[in-house]
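[1] my questions are about this predicted structure, shown below with the sequence.
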Amino acid sequence: MTTNAPEPLLALSNVNTFYGQAQVHFDLSITVARGHIVCLLGGNASGKSTTMKIILGLVKPRSGEVMFDGASLIGLTTPQIVRRGISSVPEARRLFADMSVRENILMGAFVRNDRDAVAQDLDKMLTLFPKLGQRLSQRAGSLSGGEQQMVAMARALMSRPRMIVMDEPTMGLSPLYVDRVLELIRTINQEDVSVFMVEQNASLALEIAHEAYVLQTGKIVLSGPARTLKDDPRVRDAYLGGSEAA
Ligand SMILES: Nc1ncnc2c1ncn2[C@@H]1O[C@H](COP(=O)(O)OP(=O)(O)OP(=O)(O)O)[C@@H](O)[C@H]1O
């Protein structure tokens, strides 16, 4: 085969999604290149979370294709999709509040049965997220928002994914944790994990993303390299407070 562009790791092509009669996605096409961070921006109810649900097999599109590493994800269950190499950090973390931090992190390894390697990976998580080391026995529900976000990221990494999808990873975090979480996303990405993230905080997301897409009522209205979009007046006006700053 003589194609110039390498095959993307993830590709949504012409996806149309409905909830009952209501159409949420209109010919949605998004690609994530291997090793890249891709950010999906958009206002409330534009269909961002539904995009994540499509990738994770929680919502089935009426038409269109979702390919991961050259194979279709359509019709697969979420555990099957996790086994293919995608894991998620859902909105508002969704930890098991009454379980310990350790139990929550290990939950991410549910698709694995290599116990020794799982134990090694838990140690690796404590290197990546040193704060969690002192809190392994603590109830996850008693952690701060930023700490919970770290548990959710560690849990997602425990399945050794090739791609992580994240829904609003910085939502509700203090500025200090926002910076830390974005830095950790970069670190994870440098370990060869591709990232697809939905983020309201456009200026920060565009700092770390390679490419971005802007979704408006279910349609992609803008896309391109994050650096270019950051300077696009339409993105500035809609998401970066451009008109006030001008
Ligand atoms: N389970 C559902 N049943 C019916 N309609 C739904 C369902 N989930 C979402 N919707 C509708 O689909 C549209 C897109 O929702 P979605 O959650 O994907 O948007 P979003 O961009 O993530 O919004 P927000 O940023 O406000 O979370 C909205 O109009 C929403 O009300």
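    Cool, the structure landed.
[2] quick one: mean pLDDT for the helix or strand residue 237 falls within?
    Using DSSP states H and E, residue 237 sits in helix 233-239. For helix 233-239, the mean pLDDT works out to 76.
[3] near the ligand, anything from it?
    No. Helix 233-239 does not reach the ligand (Cβ under 6 Å from any ligand atom); its nearest approach is 12.2 Å. Just so you know, the C-beta spots here come from the backbone N, C-alpha and C atoms, and that holds for glycine as well.
[4] what helices or strands is that helix leaning on?
    Applying 3 or more Cβ pairs under 8 Å, 6 or more residues apart in numbering; DSSP states H and E, we find helix 233-239 packed against helix 202-208, strand 211-216, strand 219-225, helix 242-245.
[5] residue 69 touches residue 162, doesn't it?
    Yes. At 7.2 Å, residue 69 counts as touching residue 162 under the criterion of Cβ atoms under 8 Å.
[6] now the common contact residues for these two.
    Contact criterion Cβ atoms under 8 Å, 6 or more residues apart in numbering; residues shared by residue 69 and residue 162: 9, 85.
[7] how is the chain carved up into domains?
    1-85+162-197+213-245, 94-160 (the TED database).
[8] around the ligand, pick out the residues from the chain.
    The chain comes close to the ligand at residues 19, 24, 42, 44-50, as judged by Cβ under 6 Å from any ligand atom.
[9] doesn't residue 76 make contact with residue 84?
    Yes. With contacts counted by Cβ under 8 Å, residue 84 reaches residue 76, the gap being 7.3 Å.
[10] what does stretch 57-71 rub up against?
    Counting by Cβ under 8 Å, 6+ apart, 7, 9-18, 25, 27-28, 50, 53-55, 72-78, 80-81, 84-86, 162-163 sit against stretch 57-71.
[11] tally up the residues packed near the closest residue to residue 137 other than its chain neighbours, please.
    Spatially, and ignoring its direct neighbours in sequence, residue 137 is nearest to residue 100 (5.4 Å; Cβ to Cβ, 6 or more residues apart in numbering). Neighbour count of residue 100, defined by other Cβ atoms under 10 Å: 16.
[12] residues touching residue 100, list them.
    Contacts of residue 100 by Cβ under 8 Å, 6+ apart are 136-140.
[13] any idea how far it lies from the ligand?
    Separation of residue 100 from the ligand (Cβ to the nearest ligand atom, to the nearest Å): 30 Å.
[14] what pLDDT is listed against that residue?
    95.
[15] low-confidence stretches in the chain?
    Scanning the chain for pLDDT under 70 picks out 1-5, 92, 239-246.
[16] could you point out the longest helix of it?
    Identified as the longest helix of the chain according to DSSP state H is helix 175-190.
[17] helix or strand right after that helix?
    The element immediately downstream of helix 175-190 (helix or strand, assigned by DSSP H and E) is strand 194-198.
[18] tell me which strands that next one pairs with, and in which orientation.
    strand 37-42 (parallel), strand 163-167 (parallel) (DSSP bridges).
[19] for it, buried residues please.
    194-198 (16 or more other Cβ atoms under 10 Å).
[20] do stretch 101-110 as well
    By 16+ other Cβ under 10 Å, the buried positions in stretch 101-110 come out as 101-106, 108-109.
[21] centre of the chain to that stretch, how far?
    18 Å (Cα atoms, centre = their mean, to the nearest Å).
[22] only alpha carbons, please: show it as CSV.
    These are the backbone C-alpha positions of stretch 101-110, laid out as CSV (Å, rounded to 0.1, in the frame of the first residue of the first chain):
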residue,chain,number,x,y,z
VAL,A,101,-7.9,4.0,46.9
ARG,A,102,-6.0,0.8,46.3
GLU,A,103,-9.2,-1.1,45.4
ASN,A,104,-10.3,1.6,43.1
ILE,A,105,-7.0,1.6,41.2
LEU,A,106,-6.9,-2.2,41.0
MET,A,107,-10.4,-2.1,39.5
GLY,A,108,-8.8,-0.8,36.3
ALA,A,109,-7.0,-4.1,35.9
PHE,A,110,-10.2,-6.1,35.8
